[in-house]
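In: give me a model of this one.
(one chain, ligands or ions: 1)
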Amino acid sequence: MPFRSTQPWPPDAAEPVVVERAEGPGGELVLRAAHAGHYEIISNGTFLMDTRNGESERLLVEAALGGLAGPGGPGRPEGAGVRVLVGGLGVGFTLAEALRHERVAEAAVVEREPAVIGWHREGGPLAPFSRGALADPRVRVHRADLVELLTAGPAAMGGRFDVVCLDIDNGPDWTVTPGNARLYGPEGLAALRRALTGRGRLAVWSAGASPAFEERLRERFAAVDALPVPVPRGEPDMIYLARDLP
Ligand SMILES: C[S@@+](CC[C@H](N)C(=O)[O-])C[C@H]1O[C@@H](n2cnc3c(N)ncnc32)[C@H](O)[C@@H]1O
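Out: Numbers count the residues shown, from 1 in each chain. Below you'll find the predicted structure:
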């Protein structure tokens, strides 16, 4: 039974307070309101994402879109806009960043949890952080398991993508649910490669380096970069960027 607090939010509490607790396909999901109007998402008792920073979640888009050849690429008419796939809505930083770029003609966002999508609808607690992205006509929301959708092939999402930004876990070695691990293995990487256009670029977020994942990417893509993003404390976040065209 979903729990929703009757307190007005954000309560700006010194200690985080639970705003909503929901059971979803990936287990228990909790939205907490924290100090200074911020929010935290907890998945099965593990911290998943909050609204405080988001630099590396935005850089995920910059890294992938930045070097994209275009606007017309191989097999695409001159002037055709960029199709972006965002895997994991979270607090919406990555999606909002993609939409900032005028050359992005379509952004498909795949999110497994109905509660997360609801938090971004008009008037929802996370809508200001995704800058109202769900109301943008370029956005297509797929309420689905990304791993299953990718395995079904490009037609399941209306064709291939020029940019794929993946951030559904804390990284390839720290998945939120066991089934997500498939995404970072041979089967998942083959599906990801199939989802990309010829000029396509894949960006994967990770809390920390994953040398084994980087190696698997190098086996499948012509060019791979591992970009560290410094964080205030501890090991840098990592963005893995993979592509076939230079
Ligand atoms: C770390 S958050 C995403 C952060 C996002 N980049 C941002 O800017 O806020 C991960 C999101 O992926 C979703 N997710 C986890 N596993 C998934 C799956 N298999 N398919 C689709 N969404 C998934 C979670 O529910 C969560 O909303």
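In: if I look at the closest residue to residue 44 other than its chain neighbours, how far off is the ligand?
Out: Setting aside the residues directly before and after it, residue 44 is nearest to residue 27 in space (C-beta to C-beta, 6 or more residues apart in numbering), at 4.3 Å. Where C-beta positions appear, they are placed from N, C-alpha and C, glycine not excepted. Applying C-beta to the nearest ligand atom, to the nearest Å, the value for residue 27 to the ligand is 10 Å.
In: verify the stated contact: residue 27 with residue 43.
Out: Yes - Residue 27 lies in contact with residue 43 (C-beta atoms under 8 Å); the separation is 6.8 Å.
In: looking at the two, which one has more neighbours?
Out: Between residue 27 and residue 43, counted using other C-beta atoms under 10 Å, residue 43 has the larger neighbour count: 20 against 14.
In: report the contact partners of that one.
Out: Residue 43 is in contact with 26-30, 176, counting by C-beta atoms under 8 Å, 6 or more residues apart in numbering.
In: show me which residues of this protein are close to the ligand?
Out: Contact residues (C-beta under 6 Å from any ligand atom) of the chain with the ligand: 26, 48-49, 57, 88-94, 110-113, 116, 145-147, 167-168, 176, 180.
In: phi first, then psi, for the residue nearest to residue 44.
Out: Residue 27 adopts backbone torsions of phi 110, psi -150, taken as degrees, to the nearest 10.
In: for the one 10 residues further on, same thing?
Out: For residue 37, the backbone dihedrals are phi 80, psi 20 (criterion: degrees, to the nearest 10).
In: for the longest helix that the chain contains, name the packing helices and strands.
Out: Once the chain is assigned using DSSP state H, the helix that runs over the most residues is helix 55-66. Applying 3 or more C-beta pairs under 8 Å, 6 or more residues apart in numbering; DSSP states H and E, we find helix 55-66 packed against strand 82-87, helix 93-99, strand 161-166, strand 196-206, strand 223-229, strand 237-243.
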